[in-house]
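Q: okay, here's the prediction I keep looking at, along with the sequence it came from:
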2 protein chains.
Amino acid sequence: MSAEILCVGTELLLGDVVNTNAAYISRELAACGIDCYYQSVVGDNPARLSDSLKLALTRADMVIMTGGLGPTYDDLTKETVAAYFGLEMELHQPSLDRMMAFFSRSGRHFTKNNEKQAFMPVGATIFENDRGTAPGLAVEKEGKTVIMLPGPPGEMTAMFDNQVKPFLIGRSSHILRSRTIHIFGMGESAVEDVLHESMLAHTNPTIAPYAKTGEVQLRVTASAPDAASADALIAPVVDEIVALFPDSVYGVDAGDMQTALIRALTQAGRTIAVAESCTGGMIAARLTEVPGASAALLCGVCSYSNQSKIDFLGVSQATLEAHGAVSEETALEMARGVRLRSGAEIGIATTGVAGPTGGTAEKPVGLVYVALSTAEKEKAMELRLSRGYADERQLIRNFACLHAMNLALREGLKK
Amino acid sequence: MSAEILCVGTELLLGDVVNTNAAYISRELAACGIDCYYQSVVGDNPARLSDSLKLALTRADMVIMTGGLGPTYDDLTKETVAAYFGLEMELHQPSLDRMMAFFSRSGRHFTKNNEKQAFMPVGATIFENDRGTAPGLAVEKEGKTVIMLPGPPGEMTAMFDNQVKPFLIGRSSHILRSRTIHIFGMGESAVEDVLHESMLAHTNPTIAPYAKTGEVQLRVTASAPDAASADALIAPVVDEIVALFPDSVYGVDAGDMQTALIRALTQAGRTIAVAESCTGGMIAARLTEVPGASAALLCGVCSYSNQSKIDFLGVSQATLEAHGAVSEETALEMARGVRLRSGAEIGIATTGVAGPTGGTAEKPVGLVYVALSTAEKEKAMELRLSRGYADERQLIRNFACLHAMNLALREGLKK
């Protein structure tokens, strides 16, 4: 079965709202094994909305629409679909009752124009809205299905999870399952160079690479009647690929680098502390994004000034004078200092020139040192992260974070 | 003139990537006075890509495409457009040279398949890519224009700002200029309540509210033949609006809260230090996003464990035992401690329960204390940031950051 997504809303065409609904629905469709070949966005315009619906219904078995279910005159989704199928509109009393209850609960005044939201095409399946006023609905006719959902993402996602997904799963013959391999330290084309043959060879599972900021992800996706069969198709291919990149794969279904690191630390029962100069707290902020990070992260110090490197981390004045704040020596003393002062088993540190200013011939923008310190070993790496374009401060900081976390993941956890 | 956006990428159809490019381009088109009636997304499929291009060119004067410019066999955008217009592909040597320089700068190995990115339809206008390898381009033929841009948002937006916008503005009869008013601490509907009359009254400039995470932005946009006339229309309206929200406007064209705070501190010649528990380094990371932050920010401490609150900030054991880590007393001792130990004039702190676990009846998820300490004054605020839905850890942390920075901006800078 194939589906198409049609999002309605002038705010989308003006770029005032990012279309997270389309991404959410696409992901859910893939999980249900329903192919999606097109997403479209159209404004609150009757003719263009009607044309877009007709086109979508010629290309797909199912059209999932968001938006245009509200109370105002320019909310036209239901009316357009009803007209396409030649269906009358009728009052759906349970929806009206729910809506009035919703209004009184939230202490708002029920205005007459809200009744419009309770009028539905005859024979529609109604999806109750637990987070707002506009119900969703599905119309099935002439072998086609049109699902209409409210535009606000909070309302749409709750409705999709609780009511639309069960509706869809009953209509699909096979399911898709995916696993994602995370690769750090190689570009997309270099990864594809290694993979090329097998990429072309595999059709089920398929192997799809995509570049995320600072890493390359390979998604292995299999189609099968059930989850177990799909997983059995995926497993050997994942093993094969992981073996191709022994130095670069940092995880499978790892989510991201910070999640992989916190998981690994927690499983190993080890603790970490972070000392950051050029990354200025980004590593700590990312590690603490992960629920339960407190089991592994003891503390972070953003030692932005030289004095704070001395006062909070015990970096020696002599080292700063002899080698400068941006040096391997300082990076190592920062990592060691935060480890010893926090009592953590692993210390990592970053220091560098993030730019746009502060670069010199000897120490240019993009020069970054990351360091690791444990009781067993210490290691520092020099990185040249500038790509030579303006406004790359965040990019340099981002890569510095990833390299430092990767160092902890690869070296810090080995005894 | 009308334009249509066509984004190419299977990762969009699978929902792995949210289509921020479409929102960005739509917003820029509106600012250039170019109408956009449709956005579409199609996968890396030759037939569907070709069909989508043809359809778009029947509906609009201009099609702006993103994605499918990469080095791999399934990157087909340029080839599809060239075929549509019957254009040959030829090597664009300057692009190849830039690409090879880019690879050597970044120390990556240039693989043969990258050459594909330097082949262009004959007669195309080339947009250099300052952030990656794939150049963008524009093809103008038969009264139609097709602009092709790389898919990675960082590359696309830089290329759009620096090269595509000038290309577009030359094709529009009038220009739009905007100023943005930043409001913190009020919801969008509350802001609209205050504004309602004047919103309806103004047509040029228009006033458009946008809810951004944690703040409301009001964009005032004027249309005029030239920038000076547009700015003259905007200025009095901005003054009028700012006067309506004396306690909530934190800046005009301020960019964001961290930029506004670093600017204000730098202008006042004052220094700040940050102590973070529940925000875990986010405030420091955001402040250090701002180029030149080192002039104002001395250091940050992410004191995630209780022991680190004692060791790095001098919070007293007694306070932690009597009131707990999540308390007004601890927040104040953290702010005072980081100020005194760093020598900064202003100290701010956060401590709270970000969830999903760790909440109790007495101290539920979403309870956050932010505190400010200067030589002249100390102040703490209790916040209840939970909205009661799952997966709100990042939302709670984000609001905690904004409240702490806003406290520094409003109170810390007053003597």
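A: That came through fine. Numbering: from 1, shown residues only, chains lettered A, B, ... in the order given.
Q: contacts and neighbour counts: CA atoms only from here.
A: Fine.
Q: phi first, then psi, for the residue nearest to the spatial centre of chain A.
A: With distances taken as C-alpha atoms, centre = their mean, A:Gly255 lies nearest the centre of chain A, 8.5 Å away. Here is the backbone geometry of A:Gly255 (degrees, to the nearest 10): phi 80, psi -80.
Q: how close does it get to B:Ala201?
A: A:Gly255 sits 49 Å away from B:Ala201, taking C-alpha to C-alpha, to the nearest Å as the criterion.
Q: can you check A:His182 too?
A: From A:His182 to B:Ala201 the distance is 53 Å (C-alpha to C-alpha).
Q: ok, now A:Ser327?
A: A:Ser327 is 60 Å from B:Ala201, where distance means C-alpha to C-alpha.
Q: more neighbours: which of those two?
A: A:Ser327 (22 against 11; other C-alpha atoms under 10 Å in any protein chain shown).
Q: ok, and the closest non-adjacent residue to that one?
A: A:Tyr369 (6.4 Å; C-alpha to C-alpha, 6 or more residues apart in numbering or on different chains).
Q: check contacts around that neighbour.
A: By C-alpha atoms under 8 Å, 6 or more residues apart in numbering or on different chains, the residues touching A:Tyr369 are A:326-328, A:331, A:350-352, A:380-383.
Q: closest to A:Val338 among these?
A: Nearest to A:Val338 among the contacts of A:Tyr369, counting by C-alpha to C-alpha, is A:Ala331 at 10.8 Å.
Q: just the helices from the stretch 151-300 of chain A, written as ranges.
A: All helices of the stretch 151-300 of chain A, identified by DSSP state H, counting those that start in this stretch, fall at A:153-159, A:165-169, A:188-201, A:227-244, A:257-268, A:282-287.
Q: which of these sits closest to chain B?
A: Closest to chain B of the helices of the stretch 151-300 of chain A is helix A:282-287 (C-alpha to the nearest C-alpha; 4.5 Å).
Q: which residues are in contact with that closest one?
A: Contacts of helix A:282-287 with the rest of the structure, by C-alpha under 8 Å, 6+ apart, involve A:258-259, A:262, A:274, A:276, A:293, A:297, A:299-300, A:398, A:401, A:405, B:279-282, B:284-285, B:302.
Q: show me what counts as buried in it.
A: A:282-287 (16 or more other C-alpha atoms under 10 Å in any protein chain shown).
Q: make TSV from those and add pLDDT and distance to A:Ala243 to it.
A: Below are the buried residues of helix A:282-287 laid out as TSV (pLDDT from 0 to 100; distance: C-alpha to C-alpha, whole Å):
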residue	pLDDT	distance to A:Ala243
A:Met282	98	31
A:Ile283	98	29
A:Ala284	98	31
A:Ala285	98	32
A:Arg286	97	28
A:Leu287	98	28
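Q: what's the burial count for A:Val194?
A: With other C-alpha under 10 Å as criterion, A:Val194 counts 13.
Q: please identify the deepest-packed of the helices of the stretch 151-300 of chain A.
A: Stretch with highest mean neighbour count among the helices of the stretch 151-300 of chain A: helix A:282-287 (a mean of 26; mean count of other C-alpha atoms under 10 Å in any protein chain shown).
Q: could you export it as PDB, CA atoms only?
A: The C-alpha coordinates for helix A:282-287 follow below in PDB (Å, rounded to 0.1, in the frame of the first residue of the first chain):
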ATOM      1  CA  MET A 282      28.600  21.900  25.100                       C
ATOM      2  CA  ILE A 283      29.900  18.400  26.100                       C
ATOM      3  CA  ALA A 284      28.300  18.700  29.600                       C
ATOM      4  CA  ALA A 285      25.100  20.000  28.100                       C
ATOM      5  CA  ARG A 286      24.900  17.100  25.600                       C
ATOM      6  CA  LEU A 287      25.800  14.400  28.200                       C
END
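Q: from B:Ala201, how far off is A:Thr266?
A: From A:Thr266 to B:Ala201 the distance is 59 Å (C-alpha to C-alpha).
Q: mind listing what A:Asp16 touches?
A: A:Asp16 touches B:23, B:27, B:210, counting by C-alpha under 8 Å, 6+ apart.
Q: also near chain A: which of the residues you listed, exactly?
A: By C-alpha under 8 Å from any C-alpha of the partner chain, the members of the contacts of A:Asp16 lying near chain A are B:23, B:27, B:210.
Q: want to throw these into JSON lines with pLDDT?
A: Putting the ones next to chain A among the contacts of A:Asp16 into JSON lines (pLDDT from 0 to 100) gives the following:
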{"residue": "B:Ala23", "pLDDT": "95"}
{"residue": "B:Arg27", "pLDDT": "88"}
{"residue": "B:Tyr210", "pLDDT": "72"}
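Q: and A:Cys302, which of the three is it?
A: Counting by DSSP: H, G, I helix; E, B strand; the rest coil, the backbone at A:Cys302 sits in strand.
Q: and for it, the neighbour number?
A: Using other C-alpha under 10 Å, A:Cys302 is surrounded by 35 other residues.
Q: so where is the stretch 301-415 of chain A shaky, pLDDT-wise?
A: Where the stretch 301-415 of chain A drops to pLDDT under 70, the residues are A:390, A:415.
Q: likewise chain A?
A: Residue ranges of chain A with pLDDT under 70: A:106-108, A:200, A:390, A:415.
Q: for the stretch 201-350 of chain A, what lies in contact range of chain B?
A: By the rule C-alpha under 8 Å from any C-alpha, the part of the stretch 201-350 of chain A lying against chain B is A:210, A:279-285, A:288-289, A:291, A:294, A:297-305, A:308, A:311-312, A:341-342.
Q: how about A:Asp74: what's its closest non-neighbour residue?
A: A:Asp44 (6.0 Å).
Q: need phi/psi at the one you found.
A: According to degrees, to the nearest 10, A:Asp44 has phi -80, psi 60.
Q: quick check: the nearest residue to A:Gly251 once chain neighbours are set aside vs B:Asp44, distance?
A: Of all residues not flanking A:Gly251 in the chain, A:His182 sits nearest, at 5.3 Å (C-alpha to C-alpha, 6+ apart). A:His182 is 22 Å from B:Asp44, where distance means C-alpha to C-alpha.
Q: looking at the two, which is more packed in?
A: Neighbours per residue (other C-alpha under 10 Å) separate A:His182 from B:Asp44, with A:His182 holding more: 24 against 20.
Q: where does A:Met99 land in three-state SS?
A: A:Met99 ends up helix, using three-state DSSP.
Q: burial count for the nearest residue to it once chain neighbours are set aside?
A: Leaving aside its chain neighbours, A:Met99 sits nearest to A:Thr133 (5.5 Å; criterion: C-alpha to C-alpha, 6+ apart). For A:Thr133, the count of nearby residues is 25 (other C-alpha under 10 Å).
Q: who's in contact with A:Thr133?
A: Taking C-alpha under 8 Å, 6+ apart as the test, what A:Thr133 contacts is A:99, A:102, A:117.
Q: and the last one, helix, strand or coil?
A: Put plainly, it is A:Gln117. Here A:Gln117 takes the helix state, with states given by three-state DSSP.
Q: tally of neighbours for it?
A: 22.
Q: go on, A:Ala208?
A: 15.
Q: over to A:Thr20?
A: If you count neighbours by other C-alpha under 10 Å, A:Thr20 ends up with 16.
Q: swap in A:Ala295?
A: Other residues within reach of A:Ala295 by the criterion other C-alpha under 10 Å amount to 17.
Q: ok, now A:Val42?
A: 25.
Q: surely it and B:Ile5 touch.
A: No: with contacts counted by C-alpha atoms under 8 Å, A:Val42 stays clear of B:Ile5, the gap being 11.1 Å.
Q: circling back: give the buried subset of the residues of the stretch 201-350 of chain A next to chain B as a ChimeraX selection command.
A: The ChimeraX selection below is limited to those of these classed as buried (16+ other C-alpha under 10 Å):
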select /A:210,279,280,281,282,283,284,285,288,289,291,294,297,298,299,300,301,302,303,304,305,308,312,341,342
